[in-house]
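# when you get a sec, could you give me coordinates for this:
(chains A and B)
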Amino acid sequence: MNKRVLIAALAASLGATGFTAGAMAAEEVNIYSYRKPILIEPMLNAFTEQTGIKVNAVHAEKGLLERLKNEGRNTPADIVLTVDIGRLADITGAGLTQPVESEVINEAIPPAFRDPQNEWFGLTARARIIVVSKDRVADGEIKTYEDLADPKFAGKICTRSGKHPYMVALIGSMIVAHGEDGASEWLSGLKDNLARKPQGNDRAQVKAISEGVCDVAIINHYYLAKMLQDDEQKEWANSVRVIFPNQDDRGTHMNISGMVMTAHAPDPDNALKLMEFLVSDTAQEMYAQLNSEYPLRKGVAWSDQLKSWGEFKTDDVSLADIAKERSTAIKMVDSVGYDQ
Amino acid sequence: MSYLQHRVRGLDFSVGRDIHWLIAAVFVATLVVMPVIAVVDLAFNPTENIWPHLVDTVLGYYLFNTVVLMLGVGISVFLTGVTTAWLVTMCRFPGRQYFEWLLLLPLAMPAYVIAYMYTDLLEYAGPVQSLIRDLFGFSSSRDYWFPEIRNLGGAIMLMGLVLYPYVFLLARAAFLEQSAAMLEASRILGRGPWKTFLYVSLPIARPSIAVGVALALMETLNDYGTVDFFAVRTLTAGIYDTWLGMGNLGGAAQIASLMLVFVLVLIGIERFGRRNLAYYQQGTHLLPLPTYTLTGVCRWIAIGACSLPVVAGFFIPLIVMSRYAIIYFNKSWTVDFRTYAFNSFFLSALAAIVALAIALLVAYARRLHRGSVTSVAARIASLGYAVPGAVLAIGVIIPFASLDNFIDSFMRKWFDVSTGLLLSGTIFALVFAYVVRFLAVAVGQVESSLSKVSPSMDMAARTLGYKPLEVLLKHHLPLIRGGMLTAALIVFVDSMKELPATLILRPFNFSTLATDVFQYASDELIGESALGSLTIVLVGLLPVILLSRTISGSRKAP
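Have a look, this model is predicted:
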C-alpha cells in the first residue's frame, strides 16, 4: 500500500518534470529578478513582442542568490536582474556569473557603470537625493550629504533602515570619499539628527516630511517621480523640494539597477539577446519614461519629470569601488547603532 | 504479568509488534527536520564568522525586543483567548451564539495586513488624527501629542488582536470537551462560577491553553511583516538584516539557531503544562454543560469583552481594507487575480492534507510506543515552526538541490542523460516547506485531541482483535474529528498567509495572493494591495466559519 503510493508519487513528479522540460524546448529565457514585477514587465513584454522569445520570471527580493547557488549547474535561470550594486557584487563575488563580451552592451553602457571584467552591467541609474520641506528648510541651507551631520538638524531627519542596500551604498560612497573614520563620524552625526528610528521605505520618508514628523530625508529620486504621478501621494511629494547633493564637489551618489548572466545559463544565446535588448534605445526609453530612472545609454530621451529636475553632476567614482566597501559599511551601521 | 506492567504504566499497551508505526514516524520526522539541520549546519560552518560582531553590537537589542514582544503578546492572547472562550462556552448572555464564531474571525487576518490597516487609520493623514486636528484646530503634528503605533507597543497590541484566536479555539475546544459531571460535582460542593473556573475548568484545559499560547508565541517569534513595518528589531528582523543587509547567511543561521532555543523553551513549557496529567473523560459528551446565565451589569461586561477583540481585530481593519478595495477596484481586478486565488487555495489545501496525515502518523505512533523515541520524533517534527519562513526556504533549497544534483550526476554518469532539477523550483518544494513550517500546529492539535481518548478504548478494541490501523481509522478518527479539522484548517489558513518562503521557492511565473499583496504593500501602495488582502481574509474566513460550526456541533449547545 505505502509502496504503491510512493511509486505513484515518484511517477507523478517525473511526469511533471517531463512536462516542464517539454515546455523549455520552446524559445524561452528565464530570469531571476530582485526587481518589482510592475517595474520590469513592460520591457520584458516588449522583448517578447519583438523576438518571439518568451520570458519566464521569478520575482523575489530575498533568497535568489541562495537558490541560484544551490541549483548549481542545473539552474534554469539565464539572467539575474537586481536593483542595486550590492547584489550585483554579491552574485559576481559568489562566482555565479559568466563574463559577457558584447560590443552592443559595451557601447551603450559607460565603463563606470559596468564591471571591468564584464561580469555585471548597469542598466539604469538612480540618484540618492536629499528632499527637504518647502516650508521649513531655507534654500541653500543643505547642499551636501555632509551637511546632514550638522548638529543644527538634530531631530529633523528621516531615513529608511541603514541596512538597506541603498543606504549601504551611500555609506560606501562616503567611505570612498572620506575614509572609514570620516564616514563613521558622519554616520554617527546623521544618526544623532534622526527624528525617529529608521523605518519604512523611501516613500514613507517623504510622507513623514509632509506630516511634519521631520524636515529632511534621503531618498532615491524615482520614488518622488512615482509619487507625483499618484493621486493620493501627490500631496506628500509636493510638500518637498529636491536637492541634488554635492554639486560643488564630487557630485551626487548614484546607484544602478543591473544584470548578470548566470554561470550555467541553459540558453546563453537568448540570454544575450535579452541583455542587449535591455540596453537598446527602446528599452532604455521605457525605463526613463515609465519608471523615471536615468537611462545609462547616452542620447535616450528623459521623461518630463526628469527634465524638470534638470542636469546635475554625478559622483563618478567607480561602483566597483563602492561595492568593495560594502561589508565595512554594514558593520558601521551596527557599530553606530543607526537602526536602534 | 506483562499485561499488568503495561497496565501500570498506563499508556503503553503495545506489545512490540507495531514496529512499523515507529519506523514510519521516525522516517517522517527525519525528512521534516532536514531543512532545520541544513540551517543549523550553516550556522556552525559560516563562510565569514560574524557572530562576535553581532554579539558586540546588536544581539542584545534584538533579544530584548523579542523577549518583551513575546511577553506582551503572551499575556494579551492568554487573557483575551481564555476569557472569551469561557464566556461563550459557560455563560449565557445575549449574542453568545454569534460570538462563538465571531471571535474566530481575526484568525483570517494576517498580522502584516492588520499592521498596514491600523497604520493607515491612525497615522497623521488618517481619519482619526484628521478629525482631531479639525476639532481642535491644530495644523501640524507638532501641535499635539498622539500615540505612535509603529513601535513595540503597537506590535504587541496588533499581534495580540490577531493571534488570540489560537488560544480561544483550543481553550474553547477544551471547555466543550470537559465533563459535565465534573462541573456538576464542583457546583454541588458549593463552588461558584469563578472558583469552578479557576479550580476545575482551567486546570483541565491547561494542556490546550498551553498549546494555544505556544502557537501564538511561535507565530510572534516568526513574524517578519509586522515588525519590519513597525521598525521593531527582533531576532527575526535580525535574521533578515544579517542575511540580506550584510549578505551573511551563516550569521543569519546563527541567529535562527538561537531562536530554536526559544522554541525549545516554548515546547518545554507546553510539555510542563501537561506533566503528570492524565485525565480521561468519557461518556459524558451528551450531557449538556451546566451554564451560568448572566444578568445586569455582568451581561454588558460579557458582551463588551467579546465585542472588543472582534471589532478591533477584524471589523475595523476590514472596513479600512474594503474602502480601499472599492476605490482601487478597477486597478486591482485583473484576470490574473483568479489564478492567484486558485494557486493560494490549492497549495494551502494540499499542505493541510499532507500535514494532517503526518500529524496523525506521528501522534498515533507516539500513542502506540510511549517512549523517548516517538516523543523525540514528535518534538523534532515540530521544530520547523521555529525557523522563519525565509530561512526555512533556504533550508529546503539546500537538501532538495543536492538531491536533484546527485540524481542528475548519477544519471549523467550511468545513463548519459541529464535529469536536471526534479524537485527544486516546483510546487512540491513549496508544499514541503509549508508542511515543515506548520506541522507543529497539526501535531500539537492532534496529540492534544488524541490524549483525551481514553486508552481503555484502545485496549478494548485491541482485545477484540482490531489492528492498530483499524483502531485509528474506525475508533479514534470519529472521536477526534473536531480536533483534526481544527488542525487541517489552521494549517490551511497559515499556509495561505505564508509569505517569505513562497517568494523564494515558487516556480517561474507563479504568484499567490500573499505575494501579490506583498508586492504592493511593501511599496506603501496599501490601496493597490487592498483587494488581495481582502480576498485572503475572505477566503480565510470560509474555513474559519466551517470550523466554528463543527466545534459547536461537537456538543449540542443546550
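# tell me where chain B has strands.
B:91-92, B:292-293 (DSSP state E).
# what would those strands look like in TSV with mean pLDDT and distance to B:A363?
C-beta here means a position set from N, CA and C on the backbone, and glycine is covered the same way. What follows is these, written out as TSV (pLDDT from 0 to 100; distance: least, CB to CB, whole Å):
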stretch	mean pLDDT	distance to B:A363
strand B:91-92	90	32
strand B:292-293	84	34
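# show the contacting residues for A:G95.
A:A263 (CB atoms under 8 Å, 6 or more residues apart in numbering or on different chains).
# before we move on, what about B:R506?
By CB under 8 Å, 6+ apart, B:R506 lies in contact with A:V58, A:A60, B:L430, B:T512, B:T515.
# now the third one, nearest residue through space, not along the chain?
With CB to CB, 6 or more residues apart in numbering or on different chains as the measure, B:L505 is the residue that lies nearest to B:L430, at 4.9 Å, once sequence neighbours are left out.
# so what's the most centrally placed residue in chain B closest to, chain neighbours aside?
Centroid-nearest residue in chain B: B:L215, 5.1 Å away (criterion: CA atoms, centre = their mean). Using CB to CB, 6+ apart and skipping residues adjacent in sequence, the residue nearest B:L215 is B:Y166, 4.6 Å away.
# might one say that the residue nearest to B:L430 is in contact with B:L423?
No. Counting by CB atoms under 8 Å, B:L505 stays clear of B:L423, with 10.5 Å between them.
# shared neighbours, the two?
In contact with both B:L505 and B:L423: B:A429, using CB under 8 Å, 6+ apart.
# okay, the two: which has more neighbours?
Taking other CB atoms under 10 Å in any protein chain shown, B:L505 and B:L423 do not tie; B:L505 has more neighbours (31 against 19).
# related to what we said a few turns ago, if I look at the residue nearest to B:L215, how far off is chain A?
From B:Y166 across to chain A, the span is 27 Å (CB to the nearest CB, to the nearest Å).
# closest point of the stretch 451-558 of chain B to chain A, which residue?
At 3.5 Å from chain A, B:I504 is the closest residue in the stretch 451-558 of chain B, using CB to the nearest CB.
# quick check: residues of the stretch 1-150 of chain B near chain A?
Proximity of the stretch 1-150 of chain B to chain A is confined to B:24, B:53-54, B:57-58, B:61, B:123-125, B:140-142, B:150 under the rule CB under 8 Å from any CB of the partner chain.
# how about a cut-off of 7 Å?
Where the stretch 1-150 of chain B comes near chain A, counting by CB under 7 Å from any CB of the partner chain, the residues are B:H53, B:T57, B:V58, B:Y61, B:Y124, B:A125, B:S140, B:S141, B:R142, B:R150.
# the residues you listed in helices, which ones?
Those of these mapping onto helices are B:H53, B:T57, B:Y61, per DSSP state H.
# in contact with the residue lying closest to the second one once chain neighbours are set aside, which residues?
The one in question is B:T57. Closest residue to B:T57 apart from its sequence neighbours, by CB to CB, 6+ apart: A:D334 at 3.8 Å. For A:D334, the contacting residues are B:H53, B:T57, B:V58, by CB atoms under 7 Å, 6 or more residues apart in numbering or on different chains.
# and the longest strand for chain A?
Max-length strand for chain A by DSSP E is strand A:120-133.
# what mean pLDDT does that one have?
Average pLDDT, strand A:120-133: 96.
# list the buried ones in that strand?
Buried residues in strand A:120-133, counted by 16 or more other CB atoms under 10 Å in any protein chain shown: A:120-133.
# then stretch B:256-270?
For stretch B:256-270, by 16+ other CB under 10 Å, it's B:A256, B:S257, B:L258, B:M259, B:L260, B:F262, B:V263, B:L266, B:I267, B:E270.
# ok, the residues you listed vs chain A, which is closest?
Closest approach to chain A among the buried residues of stretch B:256-270 (CB to the nearest CB): B:A256, at 13.6 Å.
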